[in-house]
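K.L.:
Have a look; sequence and predicted model below, questions after that.
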Amino acid sequence: MGDRLMDRTRRINPLLMAAGMLAAAPVFAHAGSDPARDPAKTEVWTPVPASVATPEGGAPSDAIVLFDGKDVSAWEAEQGGRVPWSVADGALTVVPGSKGIRTRQSFCDIQLHVEWRTPVVTAGFEGQDRGNSGIFLQERYELQVLDSDNNPTYANGQAGSIYKQAMPLVNASRAPGQWQAYDIVWKAPRFAKGGGLISPARITVLHNGVLVQDDTVLAGKTEYIGAPSYAPHGCAPLYLQEHDAKVSYRNIWVREL
């Protein structure tokens, strides 16, 4: 950039220079001899960021694949043991009445990708009874999954909400039966040795590529009744909720941050 500017300066009419209209030109001419103006002083070469492959439609090369359409070995039933949900056509689908599932591995700060689909049949179902499920970070903090396409309910309980805490910035829901995606950045809460809260949990969520939670600060764990609050805990599994609806999941992967 500096060389091009000097070349351009030399080609300008010398009358302009004589008139003092190019007083800054000598600065370029002498920049190379001034150590304080050396561009290398602000260049950082190490450490070199690791290379991550990003195949189209696939998980990044440094991700932990939690569900690839077939293998559920990363999961267990809520009470432990075999996953009680069904696997077919590349999807993991809730079996109503079977309870939720959780990962065998525990996580703290993560980037999480989850694709989900609510049932096509909506007749007779409305509000919180239509395609309800949830993604619980660290088993405590719920990002709501719900059919929110033309389905009125309380705003902090619709799809994209941090349940009963933070409504989404917009409703980015697709029609029932269509696959949708959440891309989540989760920063776990920090606790002191004595149990006090050092920093609260924070979450950023893109719903179908649209920002719906922008570094949202959580007031505590999810509560159906009453105000949220914190209790000390460490890293914990991800949990997918069973809520009487045949919600399906696929292409689930996580990157530890």
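P.N.:
Cool, got the structure.
K.L.:
Let me see the contact set for V247.
P.N.:
Applying CB atoms under 8 Å, 6 or more residues apart in numbering to V247 gives the contacts T93, V94, W116, R117, T118, P119, G131, N132, S133, V145. All C-beta atoms are positioned from the backbone trio N, CA, C, and that covers glycine.
K.L.:
Look up the closest residue to it, ignoring the ones flanking it.
P.N.:
S133 (4.0 Å; CB to CB, 6 or more residues apart in numbering).
K.L.:
Also A53?
P.N.:
Looking at A53 with CB to CB, 6+ apart, the closest residue is S61, at 3.9 Å.
K.L.:
Check whether the one you found sits in a helix, strand or coil.
P.N.:
Judged by DSSP: H, G, I helix; E, B strand; the rest coil, the three-state class of S61 is coil.
K.L.:
give me the number of residues near it?
P.N.:
S61 has 11 neighbouring residues, counting by other CB atoms under 10 Å.
K.L.:
for the one 5 residues further on, same thing?
P.N.:
As a burial measure, the neighbour count of L66 was computed by other CB under 10 Å and equals 25.
K.L.:
Return the distance of it relative to V83.
P.N.:
Counting by CB to CB, to the nearest Å, the gap from L66 to V83 is 12 Å.
K.L.:
okay, and the common contacts of those two?
P.N.:
Common neighbours of L66 and V83 (CB under 8 Å, 6+ apart) are W75.
K.L.:
the strands in the stretch 51-200 of the chain, which residues?
P.N.:
Taking DSSP state E, counting those that start in this stretch as the criterion, the stretch 51-200 of the chain carries its strands at 64-67, 75-77, 86-88, 91-93, 101-103, 110-117, 133-137, 141-145, 180-187, 190-191, 197-199.
K.L.:
Throw those strands into a markdown table and include mean pLDDT and distance to Q241, thanks.
P.N.:
Converted to a markdown table, the strands of the stretch 51-200 of the chain look like this (pLDDT from 0 to 100; distance: least, CB to CB, whole Å):
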| stretch | mean pLDDT | distance to Q241 |
| --- | --- | --- |
| strand 64-67 | 98 | 15 |
| strand 75-77 | 98 | 13 |
| strand 86-88 | 98 | 16 |
| strand 91-93 | 98 | 13 |
| strand 101-103 | 98 | 9 |
| strand 110-117 | 98 | 11 |
| strand 133-137 | 99 | 4 |
| strand 141-145 | 99 | 7 |
| strand 180-187 | 98 | 14 |
| strand 190-191 | 98 | 25 |
| strand 197-199 | 98 | 25 |
